[in-house]
Structures are given as C-alpha cells and as structure tokens.
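> Sequence first, then the predicted structure, then my questions.
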Amino acid sequence: MKRGSTTFLKLVVLLIGIVMLTLCIVGLPWIAIHANEDTPALNRALYPILISMFISAVPFFIALYQAWKVLAYIDKGQAFSMLSVTALKRIKYCAAIISGLYLVTSPLFYYLAQKDDAPGILLIALIIMFASIIIATFAALLQRLLQEAIDIKSENDLTV
C-alpha cells in the first residue's frame, strides 16, 4: 500500500489527542477550581468524578497510540500481521477499562445530576460508557477477523 494513504486518519488521531490533552490540562482543572464552594456535598461527588476522568485519560491515550500504530502498520504493508492483532487487542482492553471506570462512577454522576438538577451530567457519563463499549466490540470484531485472515494466509502459504 502506498505510504501516506492513511495520512488523513493519522491527522484525525492527532487532532483527537490534542483536544483530549487540552481538556485534561485546561478543562478538568477549570471545573475543579470553579466548583461551587457553597455546596460541599456536590464537591464530594465532583472530585471523584474528575479523578476518574483523569484516570480514564490514561487508557484513552494508550488506545490512541495503538490506533496510530495500526495506521503505521497499514502504511508499511503489515496490516495483516500479529502486530496489528496485538494493537487491536490493546485497544479493546483500553475501551473496556474506560467503560468500567464510568460504570463504577455512574452512581456519583447520578448523585451529582440529582443534587445539581442537571440530568445532562448523567447523559455524558452514559454516552462515554456506551461509546467505549461500542469501540471495544468493534476492536474485538476486527481483531477476530484479522486473526482469521492471518490464519488463512499462513495456511495458504504452506500449501504448495
């Protein structure tokens, strides 16, 4: 495959990484600083949510790096290799971890939404959780298909 055929997708991955890094460096601390000091009950729920968001950024960036590696393998003509299967497996695990983190913290999102009378907060958690589940499912499907293609290819290479 021609080098650079995945340039657009690499730019999208890079843009997503820059946006998420900006949100982690600027957005989440801004929320923590400007939290309402008048209601300490909200702060008790807000800070664990913000911490879980920071923690979920780690598997997110790992998955983003793995996606970058898959695109690099495609550029090098190594798309049908065990390296791609391993990268997809890591993406699947990272997405499952993110979904699990938001599942564990969803009661806190619910509590915050009830106390602040803002049901959109709970909707954000649900969207992130279900998007992660979809990504994990899609990565698992691609991993399985790629593994079967590699098995068929190696079987055909052994046939004379």
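Sure, I can see it. Residues are numbered from 1 along each chain as shown.

> any residues touching stretch 97-110, and which ones?
Stretch 97-110 is contacted from outside by 45, 48-49, 52, 55-56, 59-60, 121-122, 124-126, 128-130, 132-133, 136, using Cβ atoms under 8 Å, 6 or more residues apart in numbering. From N, CA and C alone the C-beta is placed, and that goes for glycine too.

> Of those, grab the buried ones for ChimeraX.
Buried subset of these, written as a ChimeraX selection, criterion 16 or more other Cβ atoms under 10 Å:
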select :45,49,52,56,59,60,121,122,125,128,129,132,133,136
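
> which element is the closest residue to Ala136 other than its chain neighbours on?
Leaving aside its sequence neighbours, Ala136 sits nearest to Ala95 (Cβ to Cβ, 6 or more residues apart in numbering; 3.7 Å). Counting by DSSP states H and E, the element that carries Ala95 is helix 82-116.

> which parts of the following helix or strand past that helix are buried?
Heading C-terminal from helix 82-116, the first helix or strand you meet, by DSSP H and E, is helix 120-158. Neighbour-count burial for helix 120-158 flags 121-122, 125, 128-129, 132-133, 135-136, 139-140, 142-143, 146-147 (criterion: 16+ other Cβ under 10 Å).

> what's the answer for stretch 12-28, then?
Under 16+ other Cβ under 10 Å, the buried positions of stretch 12-28 are 13, 17, 24, 28.
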